[in-house]
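In: What shape does this take:
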Amino acid sequence: MPDLDHLSVTGFTTDRSFQSTHSFPKPSELQRDREQHGSALLRQLAKLRLDAEALSLERAKRGLTTSTGMIIAIEFSAQAKFDVKALEWRKDEIEVLTVAQSGGGAQVVALHVPEGKLSALETRVRKYLSGPMTKHGKPPHTQLVNAIEKIRGAAFAELWTEETAPPAPEKATWLQIWLRNGAQTASATAKAFQAAAVQFGIQVETSYLSFPGRVVVAAWTTRKALEGALRLLGLIAEIRYVQPHAEFFLSDLAPREQAPWVQELLQRCTFAESDTSPYVTLLDTGVNRAHPLLEKAVAHEDVMAVDSEWGPGTDVDGHGTEMAGVICHGDLVAPLAHDQKLDVPHRMESVKIFPPAGANPPHLYGWIMAKAVDKVEQKNPGRSRIFVTMTTAIGPGAGMPTEWSACVDQLAFGLNGLDPYTQGISWGTDFALKQRLFVMSAGNVPWQGWTQYPDINHSTSIEDPGQSWNGLTVGACTDLTYLDIQRWPTYALIAQGGALSPASTTSRLWRNSWPLKPDVVAEGGNATIDDTNVPAVGPSSLRILTTSHRMHQGPFAETGDTSAAAAEVARICAHIRARYPNYWEETVRALVIHGARFTPQMLAQLPRGAKKRDMRELLRTYGFGKVSLQNSLASAEDAPTLIVQDTIVPYQLEKSKVKLKELKLHKLPWPADELEALGEVAVEMRVTLSFFVEPNPSRRGWQSKFRYQSHGLRFAVKGASEDEVRFNQRINKLDRLEDFDEDESLSDPDKNEWQIGAVLRARGSVHSDVWRGTAAQLREKSHIAVFPIGGWWKDWPGAERAGKATRYSLVVSLRPIQEVDVPVDLYTPIATEIAIVNAVDITA
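Out: Just a heads-up that it's a prediction; the model follows:
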């Protein structure tokens, strides 16, 4: 089997100043009766001023001297298109808290208005009423004032940002309270709210998470108590549920006495011993490392619990030890069945994130994960790690971020999840990002629903935190189809080989703007249904064989579903990291996705003449396909993979405005002569771009400065019929000459040859696509540009992120997809050109 190292490409990149070619039309203005509309708004503001005076008196009586300002709601017309970031007048310190849609499609914006600053709104309305006309013949502030339907005091409903209904007024429950955070530290904000909340009977936990402009705490309270608190305290920005925890799937099949098999396998295993080897850090129910197949991979001191009072971190549940077996060895059926050597090039750590009995108290799940990460990094700061967790919760659906998924994104981006900002949203002067790779299961469809396969899978959303942008979310497929009909005569398979596992969740119901999840799928086992229409987990031939936590009863257990699939992907990541220790986390993620392929059964679900909508459904079911260790790990002579690791500065500060700064043009080393010789032979080029974003999970409209992602990147490939000048003009407005015809079409001439397409692939923070054509065409496609688009770093000048560099990884592979009579070597000419440019000798 071909086993060549991937080719790291340096020295083939140029930086260019960049201006986007996209333009956006200004929204049309709503027409109003100036006198009638302006006077009505002034009356509403006058009422709010009286409310503010009463609020100040009540605060003084209660001793709430640090609480200031009030929360108001502005209802915008459904016919008006208005960017709410224009409401944040920095001089007046007015802050947008939430943006919601009313039943009629209109926007309702909740604002925090500091004490005495209602005048900022009043002044604009008065100028609208009586100010001089602008040079365009319109009253001042027309676009803002005409868009407003009503201004009123905000209620609980404006700060409730879940799609589900809020709790009943008197019902006590755990809720997430998202607090405004300005220049002070997150700790100070959390403590201030905790102290003030006592007056309202609200119990606030000491743990907290912080995000840009927000601090998140968990509180035991009623809606009624919160309604009083949000009015008087002035700190509350949003209110959400603490999501219920999803049950683990645990197999309960009798173990077999297989001790001799274990010993025989051990003799063929080679375990990594060096502390420089990569570690897979499992966040789960703990691990019983005394198992012979685990004890050489997991040191005694590397079995921990997130809370030291829980004991040593051993596994009484079983799930963690089962996952550890898959992480180390994969499905044990294959290595037990052959006599080949088995290399385990990585080691393991385990952090138990569940108490010995019962579920976690409803802390913030993100805080628990951040604490677990901090625990291992404090203990062994120099280790190279891949984090993996199979714990999920039933989240808000639709792909919206939560504190948990955003905490994963924050940790992956490189921030300290427990205290990411020194003050406000500042990283600090001496701060260096520490990127992390997280592998997560997509969550499972309960087995009782498997009778509705696959419809139930299509309508069951990926669970929290699987909507994370930076994490590698794993669904499940299956190739396990052996069923002993004599033993199980009344059973029938639920899933066909190569199709979706019965347990796998999907993102088919998510909004188009959210990431394509899962990212990939891996083996999760199959299931059966009997002649009475009752589903069954298994039998064992349809499950994955792994290590048991009850070694004294037998060494093996069975597992499956998206948990086992995530464990397998963590194993693949560890193999990549072991072979290529200098590859970034973004690169390892990209290689896993780049190596995935759709099975014939997956592709058969596309209708004839499939449209992009059909491809979207495929991607939101299977991600980019089934993972392959071989594809992700190694190149071949006829299938080279090129790796680019680079940084880009997306934005710059220019005359007090943040603008796009640069693009990176990669003129890749290319086997031009070899491709020309292949002529009309069918080939494919696969391109994957991977980068991590800094999250902004407050629900303030997901637009402009309130976008979730800090920045966005895109890639574009030169068309086979384009010259370099035209390609540059297509992607970069600065390359267009003064006499350039703006009406000329500059779309990608090869857009129909891309499997996914530029629009659909540009979801989330990893973009992958496949171009198919002839070798002669591919010869001309060696230029790939990576360029920025918008994000909150650009739209939030106070964030001070202009000029910051951010990393990205670009993975490009070539291969013929048509049989050729003679050997094809595309690898050597690329390697030779790289060596020449970098002035090094290549050796055989």
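In: ok, C477 touching Q496?
Out: No. C477 is not in contact with Q496 according to Cβ atoms under 8 Å; the separation is 10.3 Å. In this view, the C-beta of every residue, glycine as well, is placed from N, C-alpha and C.
In: Those two - which one has more neighbours?
Out: C477 (31 against 14; other Cβ atoms under 10 Å).
In: list the contacts for the more buried one?
Out: 498-501, 504, 521-524, 565, 599, 602, 622, 626 (Cβ atoms under 8 Å, 6 or more residues apart in numbering).
In: change it to 7 Å
Out: Neighbouring residues of C477 by Cβ atoms under 7 Å, 6 or more residues apart in numbering: 498-501, 521, 523-524, 622, 626.
In: Also G625?
Out: By Cβ under 7 Å, 6+ apart, the residues touching G625 are 520, 596-598, 602.
In: can we see that at 6 Å?
Out: By Cβ atoms under 6 Å, 6 or more residues apart in numbering, the contact set of G625 is 596-598.
In: can you list the domain ranges for the protein.
Out: Annotated domains of the chain cover 5-28+639-840, 34-153, 170-241, 245-417+432-618 [the TED database].
In: buried ones in stretch 50-70?
Out: 51-52, 55-56, 59, 64, 67-70 (16 or more other Cβ atoms under 10 Å).
In: again, but for stretch 678-696
Out: 678, 681, 683-696.
In: pLDDT of it, averaged?
Out: Stretch 678-696 carries an average pLDDT of 97.
In: begin at 511 from here
Out: Sounds good: first residue 511 from here, last item stretch 1188-1206.
In: where does the closest residue to L1336 other than its chain neighbours fall, phi/psi-wise?
Out: Spatial nearest neighbour of L1336, chain neighbours left out: P1181 (4.5 Å); criterion: Cβ to Cβ, 6 or more residues apart in numbering. Note on P1181: its backbone torsions stand at phi -80, psi 70 [degrees, to the nearest 10].
In: isn't P1181 right next to Y1337, touching?
Out: No. Applying Cβ atoms under 6 Å as the test, P1181 and Y1337 come out as separate, 8.1 Å apart.
In: where are the low-confidence patches of this structure?
Out: The chain contains residues with pLDDT under 70 at 511-512, 528, 530-539, 613-614, 753-769, 868-873, 905-907, 1211-1216, 1244-1256, 1350-1354.
In: Which parts of the stretch 1011-1160 of the chain are helices?
Out: 1071-1089, 1095-1104, 1110-1113, 1122-1132, 1139-1143 (DSSP state H, counting those that start in this stretch).
In: what sits against R1021?
Out: Taking Cβ under 6 Å, 6+ apart as the test, what R1021 contacts is A908.
In: outside of stretch 620-628, which residues touch it?
Out: 558-559, 578-583, 602-608, 664, 668.
In: repeat that for 7 Å
Out: With Cβ under 7 Å, 6+ apart as the criterion, stretch 620-628 contacts 555, 558-559, 562, 578-584, 597, 602-608, 664, 668-669, 690, 744.
In: Would you mind writing the CA trace of it as PDB?
Out: Taking Å, rounded to 0.1, in the frame of the first residue of the first chain, the C-alpha atoms of stretch 620-628 are listed here in PDB:
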ATOM      1  CA  ALA A 620     -33.500  45.100  23.400                       C
ATOM      2  CA  LEU A 621     -31.100  47.900  24.400                       C
ATOM      3  CA  HIS A 622     -29.400  48.800  27.700                       C
ATOM      4  CA  VAL A 623     -29.500  52.600  28.000                       C
ATOM      5  CA  PRO A 624     -27.300  54.200  30.700                       C
ATOM      6  CA  GLU A 625     -28.800  56.600  33.100                       C
ATOM      7  CA  GLY A 626     -29.600  59.900  31.500                       C
ATOM      8  CA  LYS A 627     -29.000  58.600  28.000                       C
ATOM      9  CA  LEU A 628     -32.600  58.400  26.700                       C
END
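In: Could you tell me how far it lies from the centre of the chain?
Out: 34 Å (Cα atoms, centre = their mean, to the nearest Å).
In: what's the answer for stretch 693-712, then?
Out: That offset, for stretch 693-712, works out to 30 Å (Cα atoms, centre = their mean).
In: if we can go back for a sec, among the contacts of stretch 620-628, name the ones in strands.
Out: Among these, the ones falling in strands (DSSP state E) are 580-584, 605-608, 690.
In: check contacts around the residue nearest to L1336.
Out: By Cβ under 7 Å, 6+ apart, the neighbours of P1181 are 1336, 1339-1340.
In: out of those residues, which are inside helices?
Out: Counting by DSSP state H, the contacts of P1181 place 1339-1340 in helices.
In: quick check, nearest of the contacts of P1181 to D884?
Out: I1340 (42.0 Å; Cβ to Cβ).
In: Double-check R1107 against S1138; I have them as touching.
Out: Yes. Counting by Cβ atoms under 7 Å, S1138 is a contact partner of R1107 at 6.3 Å.
In: Regarding T991, what are the backbone dihedral angles?
Out: Dihedral angles (degrees, to the nearest 10) for T991: phi -130, psi 0.
In: Against I1004, how distant is it?
Out: In this view, T991 and I1004 are 10 Å apart by Cβ to Cβ, to the nearest Å.
In: Find the residue closest to V984 in space, skipping its chain neighbours.
Out: Closest residue to V984 apart from its sequence neighbours, by Cβ to Cβ, 6+ apart: A1076 at 4.3 Å.
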